[in-house]
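A.B. asks: okay, structure incoming, though there's no sequence with it:
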Ligand code: G4P
């Protein structure tokens with residue numbers, strides 16, 4: 001039996017961030033393979049036959065080939081408990097991605113050896129930076145001809161502005177990729193080719209000064225390796241773990257997820273280096289990880305599985321031990337809740353969680369009880385402010401094409417809004433009862449429409465509105481009686497009945513403010 005602190009310390013909760021196609025799905029599969037969770041990783045062919053990676057289950061993802069939702073996968077490896085958060089790869093999902101990263105203690109940044117630092121890598125990196133979490137880099141596709149290790153490291157440093165330190169070093173690339181050197185142990189891991197994805201990589205491990213190495217590598221690769229080592233030893237950064245944990249230095253690994261080369265050496269070292277759960281700030285000081293149970297909801301998802309038709313609130317446990325059926329205070333409402341039917345999700349299969357610890361992520365199915373960002377505590381009234389609200393920048397009027405299914409339409413819209421996918425507004429002055437949706441990116445509307453059709457059986461049409469900004473208004477309808485909005489703005493109510501306004505652009509906003517003394521716009525919902 002492990003004690004509380006020991007259980008917490010063996011948790012590693014992290015996310016893999018990458019530009020689409022860098023190999024995130026493949027690496028996830030391989031980590032699961034080494035974690036003993038799947039027998040055979042989905043090879044390219046298997047994927048074409050619709051056996052998608054286990055973390056990729058939604059209909060829209062299958063159709064579009066993009067990752068829309070974030071998944072949490074939990075598995076054990078060599079005494080560690082890994083909680084792997086899958087971040088959406090598309091740039092329209094930045095809000096969802098940000099929220100997911102609030103649950104992570106570190107990130108693995110995946111870079112394609114041939115493509116280098118790509119747009120989405122930059123965006124996701126910026127989010128990790130903002131959160132100050134340690135970032136580990138895995139340079140993938142070393143079996144493919146590419147930019148090469150040294151220019152890539154320079155690119156990471158120049159483009160992202162973070163110093164890097166190679167933990168292992170590749171020997172050759174493309175067809176000549178033979179293995180990696182672990183710079184700490186000075187051991188060379190040579191890989192043997194096996195059928196793609198079928199088994200774990202077969203490896204021969206030799207000391208760097210083993211005379212056999214030159215025979216195995218050939219003179220050219222051997223000389224290159226010696227030259228690289230010399231250069232790194234002289235000019236490279238020290239592996240300073242304090243700087244890594246502060247997010248100033250990224251440890252770099254090289255490998256090839258598809259052939260499994262370098263995946264296991266990466267996993268072993270990453271788990272030794274990555275931070276476990278750390279204390280998190282609350283409105284009343286820091287919450288230590290060994291304090292009584294606490295956590296916050298960072299994601300809500302409806303209809304995870306069409307067979308279940310329920311809503312799941314994903315909670316990151318910040319402190320202590322969670323036990324099935326325990327009572328906790330829901331600090332937003334002050335109510336005591338029984339946390340029954342907690343679930344651990346593994347793609348489409350679920351199992352009931354009997355207990356979980358700080359660092360873990362569990363799914364709670366208390367329907368309708370939770371909003372994004374809600375805090376739960378076993379004792380006290382602390383509130384985590386980890387999950388920010390992102391202001392919408394694009395708006396549509398959503399109409400149902402299935403008149404007979406109005407109830408389904410309303411339920412669907414309200415549930416999908418609770419997930420935080422889109423914001424919901426109502427034009428109370430208009431005859432129509434059609435909702436106005438706001439999002440950070442347009443793709444979110446496609447997702448809402450798609451899911452309304454598949455999950456609620458309602459076809460819809462989304463009419464773009466020419467607004468770019470939403471602001472709350474201080475006061476009630478009486479306080480805006482004399483305002484002449486014209487085409488500049490449209491007053492609306494948000495889903496909680498707070499007064500706000502959709503504004504055409506920055507200029508319209510300034511015009512309205514200049515011409516209406518006493519009118520005040522707010523970037524936060526009144527009372528938060
Ligand atoms: P993603 O989740 O980041 O979007 O990437 P994913 O794992 O789906 O990988 C994208 C493509 O890159 C896949 O090919 C995959 O097989 C390939 N890939 C992943 N890791 C490696 C690697 O280490 N080396 C090489 N050479 N390729 C890798 P695909 O989508 O099936 O495209 P295609 O191969 O059929 O053209």
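C.D. replies: Structure's in. What do you need? Worth saying up front: this structure is predicted, and the values here are computed from it rather than measured. Numbering: from 1, shown residues only.
A.B. asks: residue 268: neighbour count?
C.D. replies: 15 (other CB atoms under 10 Å). (Each C-beta comes from the backbone N, C-alpha and C, glycine too.)
A.B. asks: what's the closest non-adjacent residue to it?
C.D. replies: residue 78 (7.3 Å; CB to CB, 6 or more residues apart in numbering).
A.B. asks: any idea how far the one you found lies from the ligand?
C.D. replies: Look at residue 78 and the ligand: by CB to the nearest ligand atom, to the nearest Å, they are 23 Å apart.
A.B. asks: thought that residue was touching residue 264?
C.D. replies: No. Taking contacts as CB atoms under 8 Å, residue 78 lies outside contact range of residue 264: 10.3 Å.
A.B. asks: what about the two, which has more around it?
C.D. replies: residue 264 (19 against 11).
A.B. asks: what's the burial count for the residue of the stretch 351-500 of the chain found nearest the ligand?
C.D. replies: At 15.8 Å from the ligand, residue 443 is the closest residue in the stretch 351-500 of the chain, using CB to the nearest ligand atom. Burial of residue 443 is recorded as 18 neighbouring residues (other CB under 10 Å).
A.B. asks: need the phi and psi values for it.
C.D. replies: phi -60, psi -30 (degrees, to the nearest 10).
A.B. asks: tell me the confidence at the residue nearest the centre of the chain?
C.D. replies: Relative to the mean C-alpha position of the chain, the nearest C-alpha, by CA atoms, centre = their mean, is the one of residue 87, at 3.1 Å. Looking at residue 87, its pLDDT reads 77.
A.B. asks: all helices for the stretch 401-528 of the chain, in order.
C.D. replies: Taking DSSP state H, counting those that start in this stretch, the helices of the stretch 401-528 of the chain run over residues 406-418, 443-456, 506-515.
A.B. asks: which of those helices has the lowest mean pLDDT?
C.D. replies: Among the helices of the stretch 401-528 of the chain, helix 443-456 carries the lowest mean pLDDT, at a mean of 87.
A.B. asks: surely residue 368 is in contact with residue 311?
C.D. replies: Yes. Look at residue 368 against residue 311 with CB under 8 Å: they come within range, at 7.5 Å.
A.B. asks: the more surrounded of the two?
C.D. replies: Taking other CB under 10 Å, residue 368 and residue 311 do not tie; residue 311 has more neighbours (21 against 10).
A.B. asks: partners of the more buried one in the sheet?
C.D. replies: residue 302 (DSSP bridges).
A.B. asks: enumerate the residues of the stretch 201-350 of the chain near the ligand.
C.D. replies: With the criterion set to CB under 6 Å from any ligand atom, the stretch 201-350 of the chain comes near the ligand through 256-258.
A.B. asks: if you set the cut-off to 8 Å instead, what comes out?
C.D. replies: 255-259, 261 (CB under 8 Å from any ligand atom).
A.B. asks: could you dump those to TSV with neighbour count?
C.D. replies: Rendered in TSV, the data for these read as follows (neighbours: other CB atoms under 10 Å):
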residue	neighbour count
255	32
256	26
257	27
258	21
259	22
261	28
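A.B. asks: so which pair among those is furthest apart in space?
C.D. replies: 255 and 258 (9.8 Å; CB to CB).
A.B. asks: to residue 154, which of the helices of the stretch 401-528 of the chain lies closest?
C.D. replies: helix 443-456 (33.3 Å).
A.B. asks: mind listing what's buried in that closest one?
C.D. replies: 443-453, 455-456 (16 or more other CB atoms under 10 Å).
A.B. asks: between the residues you listed, which is nearest residue 147?
C.D. replies: residue 443 (29.7 Å).
A.B. asks: what does stretch 123-131 rub up against?
C.D. replies: Stretch 123-131 is contacted by residues 17-18, 87, 91, 94, 97-98, 101-102, 107, 109, 135, 160, 162, 247 when judged by CB atoms under 8 Å, 6 or more residues apart in numbering.
A.B. asks: where's the dip in pLDDT among those residues?
C.D. replies: For those, the weakest pLDDT value sits at residue 91, with 56.
A.B. asks: report the mean confidence score over whichever helix in the chain runs longest.
C.D. replies: Using DSSP state H to define each element, the chain has its longest helix at helix 219-235. Confidence over helix 219-235 (mean pLDDT, whole number) is 93.
A.B. asks: quick one: list the elements packing against that helix.
C.D. replies: helix 149-155, strand 168-171, helix 212-217 (3 or more CB pairs under 8 Å, 6 or more residues apart in numbering; DSSP states H and E).
A.B. asks: mean neighbour count and distance to residue 206 for those - can I get that in JSON lines?
C.D. replies: Listed next are these as JSON lines, based on neighbours: other CB atoms under 10 Å; distance: least, CB to CB, whole Å:
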{"stretch": "helix 149-155", "mean neighbour count": "17", "distance to residue 206": "20"}
{"stretch": "strand 168-171", "mean neighbour count": "24", "distance to residue 206": "11"}
{"stretch": "helix 212-217", "mean neighbour count": "15", "distance to residue 206": "6"}
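A.B. asks: tell me which of the ones you listed sits nearest to residue 298.
C.D. replies: Of all the helices and strands packed on helix 219-235, helix 149-155 sits nearest to residue 298, with 31.6 Å by CB to CB.
A.B. asks: direction included, what does the helix or strand just after that closest one pair against?
C.D. replies: Once helix 149-155 ends, the next helix or strand along the chain (criterion: DSSP states H and E) is strand 163-166. Applying DSSP bridges to the sheet, strand 163-166 is found paired with strand 249-254 (parallel).
A.B. asks: can you tell me, leaving aside adjacent residues, what's nearest to the residue in the stretch 101-250 of the chain positioned nearest to the ligand?
C.D. replies: Residue nearest to the ligand within the stretch 101-250 of the chain: residue 141 (3.8 Å; CB to the nearest ligand atom). Excluding the flanking residues, the one nearest residue 141 by CB to CB, 6+ apart is residue 113, at 4.5 Å.
A.B. asks: tell me how many other residues crowd residue 496.
C.D. replies: 10.
A.B. asks: correct me if wrong: it contacts residue 525.
C.D. replies: Yes. The pair residue 496 / residue 525 is scored as a contact, 7.1 Å apart, by CB under 8 Å.
A.B. asks: and the gap between the residue of the stretch 351-500 of the chain closest to the ligand and residue 450?
C.D. replies: 10 Å (CB to CB, to the nearest Å).
A.B. asks: got any ranges where the chain has weak pLDDT?
C.D. replies: 1, 37-71, 88-94, 194-201, 302-310, 345-350, 366-367, 527-528 (pLDDT under 70).
A.B. asks: per-domain residue ranges of it.
C.D. replies: 4-69+106-273, 280-377, 394-522 (automatic domain parsing).
A.B. asks: columns distance to residue 387 on top of those, output as a markdown table?
C.D. replies: Listed next are these as a markdown table, based on distance: least, CB to CB, whole Å:
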| stretch | distance to residue 387 |
| --- | --- |
| domain 4-69+106-273 | 11 |
| domain 280-377 | 4 |
| domain 394-522 | 8 |
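A.B. asks: look up how far residue 499 lies from residue 510.
C.D. replies: 20 Å.
A.B. asks: same check, this time on residue 262
C.D. replies: Where residue 499 is concerned, residue 262 sits at a distance of 56 Å (CB to CB).
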